[in-house]
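Asker: structure for the following, please:
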Amino acid sequence: MNTTKINILNHFLISIILAMMTMNVNANVPILQPGSPGEPTKELDPNTAIAIANSSYTSADVEFMQGMIVHHYQAFLMSEMATTRTNNQTILDLAGRIDVSQTDEINYMNSWLSDRAQSIPDPTMNDHMHDHKMMGMATPEQMGQLEASNSIDFDRLYLNLMIKHHDGAIQMVERLNEFPGSAYDPQLYEFVTDLENDQAVEIERMNGILIGLSDDPRAGLKAGVYDAGTAILNLELIAELKKPTGFFDPDNPLEKGIEDPDEKQELESSGEEKQRSIESIASSQRYPMLSFSNTDMAFGNDLLVAGSYHGFNIYQIEETGYPNLMTSVVCPGGQGDVSIVGHLIVMSVQDTRGRLDCGLEGVDPEPNEERFRGIRIFDISDPKLPIQVGAVQTCRGSHTHSIVEGPNEDGKIIVFNSGTSSVRDQEEMEECFEDIPGDDRTALFRIDVIEIPIDDPSKSRIIDSPTVFADQETGVLAGLWRGGDHGDETQETYITDQCHDITVFPSASLAAGACSGNGILFDISDPIKPKRIHDVTDTGFAYWHSATFNNDGTKILFTDEWGGGGRPRCRAWDPLNWGANAIYDIVDDQLEFRSHFKMPAPQKETENCVAHNGAIIPVPGRDIFIQAWYQGGISVIDFTDSSNPTEIAYFDRGPILEDELITGGYWSVYYYEGSIYGTEITRGLDVFKLIPSNYLSENEIAAAELAYPAIGPERLFNPQQQIPMEWPADPVVALSYLDQLKRLGAVEEDVARNINDLLNDAIVAEENYDQISKKAKRQLSRRIKNISFETNAEPFGRLSETAVTNERTSRIQNLLRANLDEIAEKLN
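Answerer: Residues are numbered from 1 along each chain as shown. Now for the predicted structure:
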């Protein structure tokens, strides 16, 4: 035997001896399990020690199945009621399906628990019902209401309760999946996955039935891109302009998604064709970048600038309000919100694909000096040939911006910048730090203050990045809402580490910040160092999105963009305080909540819908707001009574597609010089006019057209720069006040008739001023002054019995008195 073979044999024998020694040592080592503090430690045998590895279910699985039995049983009881309380065949068919499915699933869950020697709950016991009512289960009072209802009242209540019930089941599945090791059993995993999907699909069906029961004309409109069904109230659609050439993809104009290849392969390999919810399908698809979406607008003189993810378009507005396309500027980079200052356009850029040179090819993900994220500045001295003259790079890009002031005496424009995207790499900007615990240099929890020299925008720069959310006592940067929900059945609200919108009200040195987790009132007396005055939260808000003052600067209307704008959040069963507006009065520098408002028409699952951008319509004496709701259309809201907002006009189209959810609808809708303009994300640009109604008179509409900014340029509108409007001493304005008093029942008919006649005489006098003698004008002036003095002595005769004798009435009376005096003075 050679030496090599002897060595191999020796190594083999040594290995065997060592292995036997190891086995012997391990066999003598005890396996221990400590008890609770103070209790003895016990020894375990090897089989018991690895029992957890042999377990295919957890205690969370058991509790889920036990709870779901009780949950399903209530749905069975609710559905049983249908046969004796409605003859609506759709409801009866639905109740029958739910009856069968819930019974089958209860039997499966009983069997699953029995096979594992687990206790099976008796769902008829009241204490079980009480324990699980928070998971969407109806309360005993609601079950009593359902039992006592009939016909369409039963149908509506049954659907609303059942949708909430199904949603509760989905929440139970989501909660189960949060536990480590839960639903590991293949059968259980398949059961809960199917349950979650089936409940979501059935919720969509029930939402469709509820829409069919609605008497709102906006409910159930026909789908279509340019031929969708429409519903309109107290508005006239005067123009529909499609997107300009070069601002849509001819091969995919709707920017539809495609099915994720991996998910498609997984579904095909399973061999089962399972029905999925519309929202689930949309969530799993892959979409092109929102590179052609229309976004925000700004107005200056006779120009309308409409932003886009692809650049911007400049329109020239005719006297009729009709916009004609003048110039299209391609400069990709995302968001594309715009403002106008003199001969400059300021535009927000946030996407990581944006290039400094406006190039179309995008930028590598790796750090790159060609990338641009921040605000671009264009010179539009010649609106047919805009030139990029400045660019300010920021750490988180620019989602929106606000023109705070300027140009001031030094020729500087001050801009607040709100970045909401990821923090860029330090290789691109060395001052950009991510959120590292304990490092206060982070780019989060800040806004940027940017200075633009109007004569040389190339020297624009960030001059400060104040930490406006810091705790005012400790200095901790995360001083406001830390993220999470507010308790049972409340929203999951985003952390306050950014502002989405900051609307400035410079005449009062105030700003309103919609800052992800909080609504904030700022003091901007020193615009470079804004100070937080007061902040609020709302248990129904997911993401504080935008803010608008009323014309007096005494109220703020905040919006909540629940779902990020791309999800259907105006379904028949969605809470009316989620994805809604919240109205606050400003009282002694404090924000005091008054009410919520949400567009009331139920929308389909294929319509992304939530509160979005809007602005004040300057009707004297009233607070009227026009607002975009994406595919939920447009609402005109009167919030003069902060506690009782009322919808007074609307427009809506059906979904873009019948069976597929894509992002579309109105991004922004603004009033400018008598017309209403709305940017449609996928369709183009729409123009509307108000028409007289019981809610808004012809005089009020005409008076709004006469409004002009109290300070600054006479013909300017920027979305996050709010200038209070004023009205001339004009008979039409006085007539609008008179119409409001008549609507309130706060003026006697004979007195109203007399004022109306005199004001019509004043209109004639103004139109024929040079042809009327001075004597006639002085006589008319005295008659108007006499009315004004009469109203001071006695408020427009005796108030009628139905008059609303409140502060609002008194305010309108005073405004009318002042306007009458000014008109009389002009004639004198």
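Asker: let me see the contact set for the residue most central in space within the chain.
Answerer: The centroid of the chain falls nearest to residue 561 when counting by Cα atoms, centre = their mean (1.8 Å). With contacts defined as Cβ atoms under 8 Å, 6 or more residues apart in numbering, the neighbours of residue 561 are 500, 542-543, 545-546, 579, 610-612. Any C-beta I mention is one placed from the backbone N, CA and C, and that applies to glycine too.
Asker: one more time with 6 Å, if that's ok
Answerer: By Cβ atoms under 6 Å, 6 or more residues apart in numbering, the contact set of residue 561 is 543, 545, 610.
Asker: phi, psi for the closest residue to the second one other than its chain neighbours please.
Answerer: Right, the one you point to is residue 545. Distance criterion Cβ to Cβ, 6 or more residues apart in numbering; nearest residue to residue 545, sequence neighbours excluded, is residue 561 at 3.7 Å. Note on residue 561: backbone dihedrals following degrees, to the nearest 10 are phi -100, psi 70.
Asker: gap between residue 561 and residue 501?
Answerer: To residue 501, residue 561 is 10 Å away according to Cβ to Cβ, to the nearest Å.
Asker: residues in contact with residue 112?
Answerer: Residues in contact with residue 112 (Cβ under 6 Å, 6+ apart) are residue 65.
Asker: so how far is whichever strand or helix holds it from its chain's centroid?
Answerer: Taking DSSP states H and E as the criterion, residue 112 maps to helix 89-115. Here the centre of helix 89-115 is set off from its chain's centre by 37 Å, with Cα atoms, centre = their mean, to the nearest Å.
Asker: how about the helices in the stretch 51-200 of the chain?
Answerer: For the stretch 51-200 of the chain, the helices defined by DSSP state H, counting those that start in this stretch cover 51-54, 59-82, 89-115, 126-131, 140-148, 151-177, 186-213.
Asker: how far is the very next helix or strand once past the longest one from where the chain is centred?
Answerer: Moving toward the C-terminus from helix 186-213, the first helix or strand encountered (DSSP H and E) is strand 230-233. Using Cα atoms, centre = their mean, the distance from the centre of strand 230-233 to the centre of the chain it belongs to is 22 Å.
Asker: now the next helix or strand after strand 230-233 - C-alpha only, CSV.
Answerer: Moving toward the C-terminus from strand 230-233, the next helix or strand (DSSP H and E) is strand 235-242. The C-alpha coordinates for strand 235-242 follow below in CSV (Å, rounded to 0.1, in the frame of the first residue of the first chain):
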residue,chain,number,x,y,z
LEU,A,235,-72.3,76.1,-15.9
GLU,A,236,-71.9,76.3,-19.7
LEU,A,237,-69.0,74.4,-21.4
ILE,A,238,-67.8,76.9,-24.1
ALA,A,239,-64.6,75.2,-25.3
GLU,A,240,-63.0,71.8,-25.3
LEU,A,241,-59.4,71.8,-26.6
LYS,A,242,-57.5,68.6,-27.1
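Asker: so which bits of strand 235-242 are buried?
Answerer: Counting neighbours by 16 or more other Cβ atoms under 10 Å, one finds that the buried residues in strand 235-242 are 235, 239, 241.
Asker: the next helix or strand after it packs against which elements?
Answerer: Heading C-terminal from strand 235-242, the first helix or strand you meet, by DSSP H and E, is strand 258-259. For strand 258-259, not one helix or strand is in contact under the criterion 3 or more Cβ pairs under 6 Å, 6 or more residues apart in numbering; DSSP states H and E.
Asker: identify all contacting residues around strand 258-259.
Answerer: With Cβ under 6 Å, 6+ apart, strand 258-259 has contacts from 285-286.
Asker: now the buried residues of strand 235-242 in TSV, with pLDDT and distance to residue 88?
Answerer: Output for those, formatted as TSV (pLDDT from 0 to 100; distance: Cβ to Cβ, whole Å):
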residue	pLDDT	distance to residue 88
235	99	34
239	98	42
241	98	43
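Asker: for the helix holding residue 112, which residues meet the burial criterion?
Answerer: For helix 89-115, a neighbour-count test (16+ other Cβ under 10 Å) marks 90-92, 94-95, 98-99, 101-102, 105-106, 109, 112-113 as buried.
Asker: now do stretch 188-197
Answerer: If you call a residue buried by 16+ other Cβ under 10 Å, then stretch 188-197 has these buried ones: 188, 191-192, 195-197.
Asker: make a markdown table out of those and add pLDDT.
Answerer: Listed next are these as a markdown table, based on pLDDT from 0 to 100:
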| residue | pLDDT |
| --- | --- |
| 188 | 92 |
| 191 | 94 |
| 192 | 93 |
| 195 | 94 |
| 196 | 93 |
| 197 | 93 |
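Asker: next, give me the two most distant ones among these.
Answerer: Spanning the widest gap among the buried residues of stretch 188-197 are 188 and 197, at 15.0 Å by Cβ to Cβ.
Asker: one step back: could you report the pLDDT at the residue nearest to the centre of the chain?
Answerer: Looking at residue 561, its pLDDT stands at 98.
Asker: start at 868 instead
Answerer: OK, 868 is where the count begins now, so the last one is residue 1428.
Asker: mind checking how far it is from residue 1475?
Answerer: Separation of residue 1428 from residue 1475 (Cβ to Cβ) stands at 11 Å.
Asker: ok, residue 1352 next?
Answerer: According to Cβ to Cβ, residue 1352 stands 23 Å off from residue 1475.
Asker: again with residue 1293
Answerer: As judged by Cβ to Cβ, residue 1293 and residue 1475 stand 36 Å apart.
Asker: which of the two has more residues huddled nearby?
Answerer: Set side by side, residue 1293 and residue 1475 give different neighbour counts by other Cβ atoms under 10 Å, the larger being at residue 1475 (28 against 13).
Asker: residue 1558 is in contact with residue 1565, correct?
Answerer: No: using Cβ atoms under 6 Å, residue 1565 is not in contact with residue 1558, being 8.7 Å away.
Asker: got phi/psi on residue 1403?
Answerer: Note on residue 1403: its backbone torsions stand at phi -140, psi 160 [degrees, to the nearest 10].
Asker: report how many residues lie close to it.
Answerer: Using other Cβ under 10 Å: residue 1403 sits among 20 other residues.
Asker: so what's it up against?
Answerer: Residue 1403 sits next to 1386, 1458 when contact means Cβ under 6 Å, 6+ apart.
Asker: and with 10 Å instead?
Answerer: Shown in contact with residue 1403 (Cβ atoms under 10 Å, 6 or more residues apart in numbering): 1347-1348, 1385-1388, 1411, 1423, 1425, 1449, 1451, 1457-1460.
Asker: burial of residue 1047, as a residue count?
Answerer: Counted with other Cβ under 10 Å, the neighbours of residue 1047 add up to 7.
Asker: overlap in contacts of residue 1428 and residue 1368?
Answerer: Applying Cβ under 10 Å, 6+ apart, one finds that residue 1428 and residue 1368 are jointly contacted by 1381, 1411-1413, 1480.
Asker: of all the residues you listed, which comes closest to residue 1248?
Answerer: Of all the shared contacts of residue 1428 and residue 1368, residue 1480 has the smallest distance to residue 1248: 28.2 Å, by Cβ to Cβ.
Asker: what's that closest one sitting at in phi/psi?
Answerer: The phi and psi values for residue 1480, taken as degrees, to the nearest 10, are phi -80, psi 150.
Asker: and the closest residue in space to it that isn't next to it in sequence, which of the three is it?
Answerer: Leaving aside its sequence neighbours, residue 1480 sits nearest to residue 1535 (Cβ to Cβ, 6+ apart; 4.0 Å). Counting by DSSP: H, G, I helix; E, B strand; the rest coil, the backbone at residue 1535 sits in strand.
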